[in-house]
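K.L.:
with the sequence up front, the predicted model follows.
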Amino acid sequence: MASVFESYEQQLATITAEITANTSKIPDSNGAEKKSLVKQIERNIEEANELLEQMDLEVNQLQSSIRNKYQMRLKSYETEMRRLEKDLEKAKVTYRDNADSRDKLFSSDERDEISADQRTRLLDNSERLERSNRKLQAGYRLAIESEQIGAEVLDNLHSQRETIQRTRLRIRETDEDLGKSSRILTAMMRRILQNRAILYAVVGVMFIVVVITFYLSSSS
């Protein structure tokens, strides 16, 4: 089951990478190209959500000892998908706002008043915003990966704690068995000493009887 989940993870990674790449192209596209990109992204998002549903089914069938780790990974993927959907909506709005701004800035009455330097600055600002957006996305992905690593570490620590607890229980049981064995040996030694004392007493009595019998026989 875990191998199936990991196979879904690889497919999801490919789809999300394509979504991110296409979303970043929207601000620089227009007309038919923009519509094509949006449709492709929406299809990818739908496909990714179907994959998440399949992954959820797989997680529910995993053993309880490893289920928590995969549930946390699934949750992070769902969060990432919601973020990608929001990014798509923001890109659509940004495109419309940029288009309206360009129409206003470069209207027939004002177009001649905008210098080449101002246009260059506008383009530079757009590039800076795009670079900042890519950095934020990279930071978010890094945070998700760190969260996954933390979940795996916690799961390993939990497993180690259970192992230590089982070891302590076995040591305690061994100590109890050794205590029982020691008590049994002590009782056996006590019985051996008692039997030896009884044997010496019987031998002593028999010796005394023999001596008395020999003495009486000699006197007669």
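P.N.:
Received the coordinates, thanks. Numbering: from 1, shown residues only.
K.L.:
C-alpha from now on. contacts and neighbour counts both.
P.N.:
Fine.
K.L.:
just checking, next helix/strand downstream of the helix or strand bottoming out on mean pLDDT in the chain?
P.N.:
Across the helices and strands of the chain, mean confidence by mean pLDDT, DSSP states H and E is lowest for helix 64-105: a mean of 73. Going down the chain from helix 64-105, the next helix or strand is helix 116-219, by DSSP states H and E.
K.L.:
ok, residue 216 to residue 209 distance?
P.N.:
In this view, residue 216 and residue 209 are 11 Å apart by C-alpha to C-alpha, to the nearest Å.
K.L.:
typed the wrong thing, it's residue 65
P.N.:
79 Å.
K.L.:
residue ranges with poor pLDDT in the chain?
P.N.:
1-2, 93-127, 129-130, 132-133, 220 (pLDDT under 70).
K.L.:
if you set the cut-off to 80 instead, what comes out?
P.N.:
For the chain, residues meeting the criterion pLDDT under 80 lie at 1-3, 27-31, 64-65, 91-148, 150-151, 155, 218-220.
K.L.:
how about residue 29, phi and psi?
P.N.:
Note on residue 29: its backbone torsions stand at phi -110, psi 170 [degrees, to the nearest 10].
K.L.:
tell me how many other residues crowd residue 77.
P.N.:
Other residues near residue 77 number 20, with proximity taken as other C-alpha atoms under 10 Å.
K.L.:
I misspoke; the intended subject was residue 46.
P.N.:
Neighbour count of residue 46, defined by other C-alpha under 10 Å: 12.
K.L.:
and if you look at residue 58?
P.N.:
Residue 58 has 19 nearby residues by other C-alpha under 10 Å.
K.L.:
and if you look at residue 135?
P.N.:
12.
K.L.:
what residues are up against it?
P.N.:
Residues counted as contacts of residue 135 (C-alpha atoms under 8 Å, 6 or more residues apart in numbering): none.
K.L.:
state the distance from it to residue 26.
P.N.:
From residue 135 to residue 26 the distance is 17 Å (C-alpha to C-alpha).
K.L.:
surely residue 52 and residue 78 touch.
P.N.:
Yes - using C-alpha atoms under 8 Å, residue 52 is in contact with residue 78, at 7.2 Å.
K.L.:
which one's more surrounded, the two?
P.N.:
residue 52 (21 against 16).
K.L.:
check which helix or strand the more buried one maps to.
P.N.:
Assigned by DSSP H and E, residue 52 falls in helix 31-60.
K.L.:
give me the distance between residue 60 and residue 153.
P.N.:
21 Å.
K.L.:
make that residue 37, sorry
P.N.:
With C-alpha to C-alpha as the criterion, residue 37 and residue 153 are 39 Å apart.
K.L.:
now do residue 217
P.N.:
95 Å.
K.L.:
what's the answer for residue 68, then?
P.N.:
12 Å.
K.L.:
so which of the two has more stuff around it?
P.N.:
residue 68 (17 against 13).
K.L.:
I'd say residue 155 and residue 70 touch.
P.N.:
No - using C-alpha under 8 Å, residue 155 makes no contact with residue 70, being 10.4 Å away.
K.L.:
those two - which one has more neighbours?
P.N.:
Each of residue 155 and residue 70 has its neighbours counted (other C-alpha under 10 Å); residue 70 has more, 22 against 17.
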